[in-house]
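Student: Turn this into a model:
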Amino acid sequence: MSREQFRQIVKRKSAENYNGTPYVATLLSCSLWILYGILDPDDGLLIVTVNAAGATMQALYLILLFIYSSKEKRVQYFGFVILDIVFFGIVLAFTLVAFGEGSRRTFTGVLCATFTLMMYAAPLAALRTTIKTKSVKYMPILLVFSLFLNGCVWFTFALLVTDIFIIVPNALGILIGSIQFIVYWKYKNLTPDTSELERGSFEKQIETRGIDVQDLNVITQKRTLTRLDAFPAIRSPSLSPNRSNSSHQREDDIERGGDD
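Tutor: Below is the predicted model of the structure:
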C-alpha cells in the first residue's frame, strides 16, 4: 500500500475495496519466521531482525484498515488477527513440547515455507476485482512489488546459505509476483468498467446502512401497491351495470310512448 493510498483512505475515512487479507497472511508469516530464526543459531539474527520489522509494518497496515473499514470487514480482520495469534501460540507450544532440539527447526521451516507461499499468493485475491472492473485501483501494486523484491532478496540469501526452506517459497513467490505484474500492466491503461465500480459502491452503501437488498425489493413492491391503491379502477360507463339498466329503462319508456 503506497503513501498516496494511505492518504486517500485517511482523507475519505473509508478503506473502500482495499483487501486486508495479504497483510494478515504476511503478519503470520513474519511471526513464524521470527520463531524459525530463533531456532537457527547460525543465520537466525538476520532472519529475526528483518521479520520483526515486517511484522510491525503489517500490524500498522491492519490497524489503518481496521479503523476505516466497514463493520463487517472489521469483524473479519479482527477474527483473522485472533486466529493468527492463537495459531502462532499453538505452533510455539507444539514445537517446544512435541519435538526435540534437532527436529524443531525442520518442523518450523516447513510451516514457514507453507505460510510464506500463502503470503505471496494473498494479493491474488485482488486480481478478480482487477479483471472484473478492468481497473487496477484496488490492486496493492506496492505490496506486490515489495513481496516480489522480498522474494528476490531472500532467494539470493537462501542460495548463499543453502536453506531449502527459504529457497522453495521465495522462488514460487517470484513467479507469482511476475504473474501479478503482467495483469497490472495489462489493465493499467484500460478504461475502467464504471458500472462494476458503481455497483460495488452501491453495495457498500447498503452494507454501511444495514439495509438488505431483499428488503429494498419488498419496500419497492409495497410502494408500487400503495400507488396503485391510491388510484382505484374506474369502470367504463359502457360496462357499468347501472348504466346498462338505465339504458334499458329509457328504451322501454320510448316503446310505451310510441304505443300510446
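Student: quick one, what contacts residue 157?
Tutor: With contact set as CB atoms under 8 Å, 6 or more residues apart in numbering, residue 157 has these partners: 46, 166. Every residue, glycine included, has its C-beta placed from N, CA and C.
Student: Can you give me the buried ones in whichever strand or helix holds it?
Tutor: Using DSSP states H and E, residue 157 sits in helix 141-161. Using 16 or more other CB atoms under 10 Å as the test for burial, helix 141-161 gives 141, 143-144, 146-148, 150-151, 154-155, 157-158.
Student: before we move on, what about stretch 64-84?
Tutor: By 16+ other CB under 10 Å, the buried positions in stretch 64-84 come out as 64-66, 68-69, 73-74, 76-77, 80-81, 84.
Student: quick one: which of the residues you listed is nearest to residue 56?
Tutor: Using CB to CB, residue 64 is the member of the buried residues of stretch 64-84 that sits closest to residue 56, with 13.2 Å.
Student: outside of the particular helix or strand that has the closest one in it, which residues touch it?
Tutor: For residue 64, the element it lies in under DSSP H and E is helix 44-68. The contact list for helix 44-68, computed with CB under 8 Å, 6+ apart, reads 1, 6, 9-10, 12-15, 18, 20, 23-24, 26-27, 30-31, 33-34, 36-38, 40, 73-74, 77-78, 81, 157.
Student: quick check: mean pLDDT across the helix or strand following that helix?
Tutor: Using DSSP H and E, the helix or strand that follows helix 44-68 in sequence is helix 71-98. Averaging pLDDT along helix 71-98 gives 89.
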